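Colleague: Got a predicted structure plus its sequence, pasted below:
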Amino acid sequence: MRKIINSAFVSLDGATTNPGSWAIFDPGAGEEAVKALSVLGGMLMGRGTYEYFADVMPKQTGPYPDAINEIRKYVFSSTLENADWNNSTLIRGDVVTAVTELKQEEGDDLMMYGYGRLSETLVAHHLVDEIRFSIHPVLVGGKAAGGSDAETLRLKLLGATPAPSGVVVLTYQPASS
């Protein structure tokens, strides 16, 4: 069975949206991201993540944009008309059923970037196997957390990796696993 891995950037004050405007990228971060993408069977994306990446990545070249442009993308949206970006499949309807079926297929693990509505839905239905938060040492301000009144989920720490800039990647799994 495939695992679903959620990878999100978080500021010290809890922001998870628009990380391109505040995230800190260490030397070698691109190489690590390409390495991580190379062992995946695809990416899960909500509409917002898809629209951002589909607008930015096809205009860029290099190992990371090339990897993102080539990887299989499963796009979950009830409002998008189409998903024309390379290797993208638009999935409408019941997200939980669709992701459950994707997890049961043969193949490599699947990754999600960010922590939005799609992530919250999958976590609430116990479909996420790992959550990786990259904590960035910045304060973004405003209504940073953007959370909801979701059920509390206890997590077990799998690992912590500090980088020279102060970013710490924390990998968790649901404590019930």
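Modeller: All right, it came through fine. Numbers count the residues shown, from 1 in each chain.

Colleague: Which strand residues bridge the residue nearest to residue 44 when sequence neighbours are not counted?
Modeller: Nearest non-adjacent residue to residue 44, counting by C-beta to C-beta, 6 or more residues apart in numbering: residue 112, 4.5 Å away. Using the backbone N, CA and C atoms, a C-beta is placed for each residue, glycine as well. Judged by DSSP bridges, the bridge partners of residue 112 are residue 6, residue 44.

Colleague: Next one, pLDDT for residue 112 please.
Modeller: pLDDT, residue 112: 97.

Colleague: Also the one 5 residues further on?
Modeller: At residue 117, the model reports a pLDDT of 93.

Colleague: Residue 46 is in contact with that one, correct?
Modeller: Yes - with contacts counted by C-beta atoms under 8 Å, residue 117 reaches residue 46, the gap being 6.1 Å.

Colleague: So which of these two has more stuff around it?
Modeller: residue 46 (21 against 14; other C-beta atoms under 10 Å).

Colleague: just checking, the more buried one touches residue 120?
Modeller: No - counting by C-beta under 8 Å, residue 46 does not reach residue 120; the two are 10.0 Å apart.

Colleague: and stretch 45-56, how far from the chain's centre?
Modeller: 11 Å (C-alpha atoms, centre = their mean, to the nearest Å).
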